[in-house]
Structures are given as structure tokens and as C-alpha cells.
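Q: I would like the atomic coordinates for the input below:
(one chain, ligands or ions: 2)
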Amino acid sequence: MPENGLQTLKQVEFNTISVSFGCLSQRIAELHRHLLLSTSYFGSSPHLKPENLPQNDTIAGLASGLGAAHAAYVSTGGSSTSKILFVIQPGERNVFDQKWLEYELLEKHNIHAVRQTFEELITSSSVDPQTSLLTVSPKNSPEKDIEVSVVYYRSGYMPNEYPAPEYYETRFRLESSKAIKCPTIPLQLAGGKKVQEVLGRKGLVERFLPDHPQSQIDDLRRTFMDMWGLDEDSHSAVGEVASSPPPSASAKANGDAASTEPLGTLKARKEYASLVLKPQREGGGNNVYKEDIPAFLDGLAPQEREAWIAMRLIEVPKGVKGWLVRAGSLDFATSTPSERAVQAEIVSELGIFGWALFGEGKVVGEEEVGWLVRTKGKDSNEGGVATGFSVLDSVLLV
Ligand code: ADP
Ligand code: MG
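A: Numbers count the residues shown, from 1 in each chain. Ligands and ions are numbered 1, 2, ... in the order given. Here you go, the predicted structure:
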């Protein structure tokens, strides 16, 4: 972040499928406000006052996006009793995040939800070949042929979720229906790391924001980190690469093997200490960081290079400290103070939630609806909450 001594915002990525923790981040903001009321945080900081803890109405905002999609479906001839299909993972651990959305849809929008895994949908879903109407008949429900207005994916972004051809066929069946998809397959792919790398290339932001002044486009571009493909072989895309990269295991074993590698890979070898490599995957735990990069590149099959991008690591502010409280450690009778909470150097990541409803060349609506803060120890590379790297946190204005 520090750039000429200034703190700036840098973008890690954007997600277009199964974006979680919107509802829980609202609950965390409420928890932090509640603790302020009840304890004043024991006077530990002058910044801890009500006006510095902003509202976070993510639940209402996300539900209004799904509600707008449902309304659009109904307005084009769909049944007003159609339901929103939540496509979930087996043994779903994020259920406590998802349920708030279901409650809000029911209580504020009078829209019912139906939850099914891909495995269940193999047999429970069908699409009418004439009308493209999507219906589901959940196995354990008295209701049959429930019309689906919106398919809301809280799963379907990992290869292991498609263990057999029937799972892909089911995804295509849902995609072929007239239900509104959140997201469609193309929109899911647009969230891929490769697309984010390509969007950073010269002229691309201008192409998608033709009506914006150059100064705004430059501001936006400044939030992007340097990115390139490992298979990239043009100097204009990769930039300068030193002619002799550091020796690698394969280079040592095969003479000058490394020198026949594409520029993108050579540059990743040379600058590995300030990079993260990312595949076309979501959900955390798939990236390769810093000192793990050289050996990883040695083992990467040449045809796999195009699946990976290199990204410059964001430099985070130093010396920021926070208290991390471990779940289940707050028993004062049995625990020592250092077991209950540890002070660590931390870094926080801000996420902004939004929805957009569009199709056939027109945008029906789009809105920014709330935020998420995740905080982690500064030496942890990954950032996921469900994967155990970080904790949910709140914005504190100072
Ligand atoms: P995923 O889509 O699997 O969540 P991300 O690209 O969001 O993968 O990366 C996971 C985490 O790794 C981020 O939340 C962040 O903590 C860390 N990370 C990713 N890219 C960078 C980067 N360029 N600089 C610093 N940290 C990064
Ligand atoms: Mg992601």
C-alpha cells in the first residue's frame, strides 16, 4: 500500500460466484456496535464511538438484488409463486450465512427459497424443452414441480463439485432454463483470475468504460496490481525481464531449460519474492506465494502455464496491531490471558458487495449494498475465513 508514503487502495480480486459472508458481516458490525454500547470498549481508544462504526445493511441489499431478479422473472410471464433455488454444497457449512438471506427474502419480499445440492438436482430438476421452465421436485418435500425464478449458486466453483458427467449435465440443464442465473456460466468465467489479468492490460478499462474521463480511468487502474500470464511471451505484456534468470532445479538438471521458457515464466522466476501465482480457481488455498514459486515452476508442465497468472503482492501497512480472540478460549477459570487473546501484527482486507441485473444488452439495475472486513495475521498469505486464515471484522472510521 505505501506508495510515496501515501496509503492507497489496491484490488486483490473480484468475485462473481458464491460470494459469502455478506450476512455475517452485517451481524459482526452489529456485534461490534453492541459491544460498544455495553462496554465502551473500556475506553481503549478515542476512535471507538458510535459515529465511527458505519451501518452495514448487506442482508437487505443482497436480498433486494435477488428480489429484483425474481420480479424481472415474474414480469416476463413467470409465476408469482415461483421460488429462488439456492444451489448449495453437501453438508453446507455456510448455512448460517445463507439463512439470513432466505429469511429476508421471505419476510420482506414474500419469496420462498428451495435449497438443493448439485447431487440432488441431478434427479430433482427438469427443464421443459418447449418453455425452458425450470422446476425442482425435492425428494423429501410434499411439493412437486416447484417453478424456479432465480438460480442462486452458493456452490459450483470447484472442480471437485463436478465429480461425474451428470454434475456438468445438471449445470448445463440449469443454465439452459429460462430462470435467471446468479451467475450465468459466462459471468462466472468473467470472475476468473485470467480475466482480471487481461482487464489490467493497456486500453481494456477504456474499452469497457468509454464514457469515463481518463482521470477516473487512471484512478481505477492505479488500484490494480501488476499481473501477467505465465505463458506470455511478448515484452509489451510482460515488461522487462533480465536475460539471465536465477538458476532453478530444472535449469540445473537440463542445462539451459529455463532460458527456453516464456517471458512470463522467466519474470516470475526472477521476481518470485514479490509475487503470488494464481490458477483459475476460487475458494482459497490454491495460490502459490513467494518462496514456494521457484520449485512450483520447476514442476509445472509447460501446457499448464496458460492456466496461471502472476500477480505482484500488495505491500501492506506495517506495525498495525490487533487482538485476536480464539473461539472457545474464553473460559476464565481454565485459561491464561495469553490463551484467551493474542496481540498480533495484522492486516485487514475490505470487500464491497454489490449486485447487477442485466440481459439482452440492457442493465435493469445495479447497486452497491454493503461491506465485509476480514483481518488476519500479517504473515498469513491466504485470506479466507471458512478456510481458517482470517476472522470477520468491521470498519472503524478514524
Ligand atoms: P480466492 O479467489 O481463492 O479467494 P484470492 O485471489 O482472493 O483467491 O487470494 C486469496 C487471498 O490471498 C486474498 O484474500 C489475500 O489475502 C491474499 N492475496 C491474493 N492476492 C494478493 C496480492 N496480490 N497481494 C497480497 N495478498 C494477496
Ligand atoms: Mg475469489
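Q: pLDDT weak spots in the stretch 101-250 of the chain?
A: For the stretch 101-250 of the chain, the stretches with pLDDT under 70 are 239-250.
Q: for ligand 2, what is the nearest residue in it?
A: residue 191 (7.0 Å; Cβ to the ion). From N, CA and C alone the C-beta is placed, and that goes for glycine too.
Q: once you drop chain neighbours, what's closest to residue 144?
A: residue 137 (4.5 Å; Cβ to Cβ, 6 or more residues apart in numbering).
Q: which residue ranges of the stretch 251-398 of the chain form strands?
A: 275-278, 288-289, 309-312, 321-325, 341-359, 362-377, 391-393 (DSSP state E, counting those that start in this stretch).
Q: going by mean pLDDT, which of these comes out lowest?
A: Of all the strands of the stretch 251-398 of the chain, the minimum mean pLDDT falls on strand 321-325 (a mean of 81).
Q: where's the residue nearest to residue 144 relative to residue 311, distance?
A: Separation of residue 137 from residue 311 (Cβ to Cβ, to the nearest Å) stands at 45 Å.
Q: now do residue 198
A: 13 Å.
Q: neighbour-wise, which of these two wins?
A: Ranked by neighbour count (other Cβ atoms under 10 Å), residue 198 and residue 311 place residue 311 first, with 23 against 14.
Q: neighbours of the nearest residue to the more buried one once chain neighbours are set aside, how many?
A: Counting by Cβ to Cβ, 6+ apart, residue 311 lies nearest to residue 227, which is 4.7 Å off, once chain neighbours are set aside. Neighbours of residue 227 under the rule other Cβ under 10 Å: 22.
Q: surely residue 227 meets residue 314?
A: No - here residue 227 lies out of contact with residue 314, judged by Cβ atoms under 8 Å, at a distance of 11.8 Å.
Q: thought residue 146 was touching the residue nearest to residue 144, still the case?
A: Yes - if you go by Cβ under 8 Å, residue 137 and residue 146 touch, sitting 7.0 Å apart.
Q: tell me, how many neighbours does the residue of the stretch 101-250 of the chain closest to ligand 2 end up with?
A: Residue 191 - counted by other Cβ under 10 Å - has 19 other residues nearby.
Q: give the contact list for it.
A: 13-17, 183, 282 (Cβ atoms under 8 Å, 6 or more residues apart in numbering).
Q: now do residue 274
A: 290, 312-313.
Q: surely residue 389 and residue 284 touch.
A: Yes - using Cβ under 8 Å, residue 389 is in contact with residue 284, at 7.1 Å.
Q: is ligand 1 within reach of stretch 367-379?
A: No - counting by Cβ under 6 Å from any ligand atom, no contacts exist between stretch 367-379 and ligand 1, the nearest distance being 6.8 Å.
Q: output stretch 91-102 as CSV, nothing but the C-alphas.
A: The C-alpha coordinates for stretch 91-102 follow below in CSV (Å, rounded to 0.1, in the frame of the first residue of the first chain):
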residue,chain,number,x,y,z
GLY,A,91,-23.0,-30.6,4.4
GLU,A,92,-23.1,-26.8,3.8
ARG,A,93,-21.0,-25.0,6.4
ASN,A,94,-22.0,-21.6,5.2
VAL,A,95,-25.7,-22.3,6.0
PHE,A,96,-25.6,-19.7,8.8
ASP,A,97,-24.7,-17.0,6.3
GLN,A,98,-27.2,-18.1,3.8
LYS,A,99,-30.2,-18.5,6.1
TRP,A,100,-30.4,-14.7,6.8
LEU,A,101,-30.9,-14.1,3.1
GLU,A,102,-33.7,-16.7,2.9
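Q: chain center to that stretch, what's the gap?
A: On the basis of Cα atoms, centre = their mean, to the nearest Å, stretch 91-102 sits 16 Å off its chain's mean C-alpha point.
Q: mind listing what's buried along that stretch?
A: Residues of stretch 91-102 classed as buried: 94, 97-98, 100-102 (neighbour count, 16 or more other Cβ atoms under 10 Å).
Q: export those to TSV and tack on secondary structure?
A: Formatted as TSV, those follow (DSSP: H, G, I helix; E, B strand; the rest coil):
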residue	secondary structure
94	coil
97	helix
98	helix
100	helix
101	helix
102	helix
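Q: from those residues, pick the one nearest residue 357.
A: residue 101 (16.0 Å; Cβ to Cβ).
Q: who touches that closest one in this structure?
A: Per Cβ under 8 Å, 6+ apart, neighbours of residue 101: 22-23, 59, 62-63, 66, 113.
Q: what segments of the stretch 151-300 of the chain are helices?
A: 165-176, 185-190, 193-199, 204-208, 214-222, 235-238, 249-253, 263-270, 293-299 (DSSP state H, counting those that start in this stretch).
Q: show me which residues of the chain are close to ligand 1?
A: 12-13, 225, 276, 278, 282-284, 286-287, 311, 313-314, 349, 381-384.
Q: and the buried ones among those residues, selectable in ChimeraX?
A: Those of those that count as buried under 16+ other Cβ under 10 Å are selected in ChimeraX with:
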select :225,276,278,282,283,287,311,313,383,384
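Q: returning to that earlier point: out of the contacts of residue 101, who's the most crowded?
A: residue 63 (27 neighbours).
Q: any figure for the gap between the spatially most central residue of the chain and residue 192?
A: By Cα atoms, centre = their mean, the mean C-alpha position of the chain lies nearest to residue 15, the distance being 3.9 Å. Using Cβ to Cβ, residue 15 is found at 10 Å from residue 192.
Q: ditto for residue 179
A: In terms of Cβ to Cβ, residue 179 sits 23 Å off from residue 192.
Q: mind telling me which residue of the stretch 201-350 of the chain is nearest ligand 1?
A: Nearest to ligand 1 in the stretch 201-350 of the chain, going by Cβ to the nearest ligand atom, is residue 314, at a distance of 3.6 Å.
Q: and that residue, what are its phi and psi?
A: Note on residue 314: its backbone torsions stand at phi -70, psi 130 [degrees, to the nearest 10].
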